[in-house]
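Chemist: Sequence and predicted structure below; questions after.
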Amino acid sequence: MAMFSWSSLGPCRSPDCSMKGSCGTFYPVSRLDLLNAVDAAEALGLKCICSCFGIQHIIVAVDGHPVRPPTAEPSASRPAAGSSTVPPPSSNTSAPPPFSSFSEAINSRAQRQQGAPESATSKKEQQQSGLKSHIFEFAFDPSKASQTKSWTKLSERPQKRKPSSANPPGEPLSKTAKSGPKLVSFTMVLVENPAQVEASQYFMPSPIKMQSLYRAGNIQIIEVLPTITPEGLDLVVTSAFANHPEVLKNRISMHKWRSLSKVSISRGAHSLLKPHREAGEVTFQDFEWSAETHRQAKRFKRCVYISLARWCSPIPLDIDDPIDVDSLCQP
């Protein structure tokens, strides 16, 4: 058997070592303990920095036999006064069993590792059991006094919304109440002769003249909100005719355009279009009340007739004789 000495101590071989043998060799926790140890045999009862005793740091000799520490006879007295007494190794401290070869040590370690999954499974079952009891402890229980108030709130029936006066019971909400005001469209008809309008001599356009006005760019469709202001309405109408050929040539201007109202003369006679209000004064309600579908040219719906200012020149149409066109009007 090989002689035991300080060189017989190496990395920790305990499977429960906190440092997994990374200490490299035996390092006592206290330097004083190392100085008090007479020989390597006494160091077997000291603790290493890895928290394991020195006996667990015995290395296997080259020939396969473990190095055995010599049997130390109890000493009658300590060599130096004031030195700390080294406690003998605890009886329950299990030293690694001796092995005849390195392969036996490997096989023993593998057998110990095979039991690890069982301990892990047992630990997992304990955690799940504790988690289940924790869930049941904090689960909602309506019978508890502290949770009765919450249970009452959950069990109460929600109050029904009272129907408004605009929607009788049993009827769905109107589209206006759901989405707000919608855009309203008008067909703007710009008559061609402001001088005749000023003299109260402009009759309601015939279907043929309506087609001619359309080809000349005098009919445009606008969309506005019912809440639009007179100034906003002026801007929308002016923008609708911004690309008119005569406007682009600077021959006419939409400044101070006028709204027209329909006036019936007598039964069987043609209706006249007379000036009503100037731009900036015309309201949405004026358009709403005067809008109507042309009697003969029903494709033009919700028509609102307007005219240029009194000083503007007439707009040329592709009809040579407007008198012949007016004669085609039906009362």
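Modeler: Received it, and whenever you're ready, just let me know what you need. Residues are numbered from 1 along each chain as shown.
Chemist: List the beta-bridge partners for residue 261.
Modeler: Counting by DSSP bridges, residue 261 is bridged to residue 274.
Chemist: again, but for residue 223
Modeler: Residue 223 has these beta-bridge partners by DSSP bridges: residue 185.
Chemist: where are the low-confidence patches of the protein?
Modeler: 1-4, 31-40, 60-106, 113-120, 131-178, 268, 320-331 (pLDDT under 70).
Chemist: Kindly recompute the last result at 90.
Modeler: 1-181, 206, 264-271, 291-299, 318-331 (pLDDT under 90).
Chemist: all strands for it, in order.
Modeler: 184-190, 219-224, 258-263, 272-278, 303-307 (DSSP state E).
Chemist: Just name the most buried of those.
Modeler: Ranked by mean neighbour count, those are led by strand 303-307 with a mean of 22 (mean count of other CB atoms under 10 Å). (C-beta placed from N, C-alpha, C; glycine too.)
Chemist: by how many degrees do it and strand 184-190 diverge?
Modeler: 40 degrees (axes from the mean of the first three to the mean of the last three CA atoms, to 10 degrees).
Chemist: which residues touch strand 303-307?
Modeler: Strand 303-307 is contacted by residues 186-191, 194, 197, 202, 237, 257-260, 262, 273, 275, 287, 290-294 when judged by CB atoms under 8 Å, 6 or more residues apart in numbering.
Chemist: go with 7 Å
Modeler: 186-191, 194, 197, 257-260, 273, 275, 287, 290-294 (CB atoms under 7 Å, 6 or more residues apart in numbering).
Chemist: okay if I get the strands of the chain as JSON lines plus distance to residue 249?
Modeler: Output for these, formatted as JSON lines (distance: least, CB to CB, whole Å):
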{"stretch": "strand 184-190", "distance to residue 249": "15"}
{"stretch": "strand 219-224", "distance to residue 249": "18"}
{"stretch": "strand 258-263", "distance to residue 249": "22"}
{"stretch": "strand 272-278", "distance to residue 249": "24"}
{"stretch": "strand 303-307", "distance to residue 249": "19"}
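Chemist: out of those strands, nearest to residue 111?
Modeler: strand 219-224 (88.3 Å; CB to CB).
Chemist: For that closest one, name the packing helices and strands.
Modeler: With contacts taken as 3 or more CB pairs under 7 Å, 6 or more residues apart in numbering; DSSP states H and E, strand 219-224 sits against strand 184-190, helix 230-240.
Chemist: Next, format the ones you listed as TSV and append distance to residue 56.
Modeler: Formatted as TSV, these follow (distance: least, CB to CB, whole Å):
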stretch	distance to residue 56
strand 184-190	95
helix 230-240	94
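Chemist: closest to residue 12 out of these?
Modeler: Closest approach to residue 12 among these (CB to CB): helix 230-240, 90.0 Å.
Chemist: quick check: domain ranges of this protein?
Modeler: 1-70+84-111, 184-326 (automatic domain parsing).
Chemist: In TSV, list the ones you listed along with distance to residue 126.
Modeler: TSV is the format used below for those (distance: least, CB to CB, whole Å):
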stretch	distance to residue 126
domain 1-70+84-111	20
domain 184-326	71
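Chemist: Which among the ones you listed is found nearest to residue 127?
Modeler: Taking the domains of the chain one by one with CB to CB, domain 1-70+84-111 is closest: 21.2 Å.
Chemist: tell me the contacts of the nearest residue to residue 305 once chain neighbours are set aside?
Modeler: Distances taken as CB to CB, 6 or more residues apart in numbering place residue 260 nearest to residue 305, at 4.3 Å, with adjacent residues excluded. Applying CB under 7 Å, 6+ apart to residue 260 gives the contacts 197, 273-276, 305-307.
Chemist: Any figure for the gap between residue 187 and residue 55?
Modeler: Using CB to CB, to the nearest Å, residue 187 is found at 108 Å from residue 55.
Chemist: Could you tell me the end-to-end distance of stretch 216-233?
Modeler: One end of stretch 216-233 sits 23 Å from the other (CA to CA, to the nearest Å).
Chemist: Just the residues contacting that stretch, thanks.
Modeler: For stretch 216-233, the external contacting residues (CB under 7 Å, 6+ apart) are 181, 183-190, 192, 213, 236-237, 240-241, 244-245, 280-284, 315, 317.
Chemist: Buried only: go through those residues for me.
Modeler: When the contacts of stretch 216-233 are checked for burial by 16 or more other CB atoms under 10 Å, the buried set is 184, 186-190, 192, 213, 237, 240-241, 244, 282, 284, 315, 317.
Chemist: what's the closest of these to residue 107?
Modeler: Among the buried ones among the contacts of stretch 216-233, and counting by CB to CB, the member closest to residue 107 is residue 184, at 94.1 Å.
Chemist: which residues does that closest one contact?
Modeler: Residues counted as contacts of residue 184 (CB under 7 Å, 6+ apart) are 223-224, 226.
Chemist: Can I get these in a markdown table including distance to residue 17?
Modeler: Shown next, in a markdown table, are the contacts of residue 184 (distance: CB to CB, whole Å):
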| residue | distance to residue 17 |
| --- | --- |
| 223 | 85 |
| 224 | 87 |
| 226 | 87 |
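Chemist: Good, we can wrap up now.
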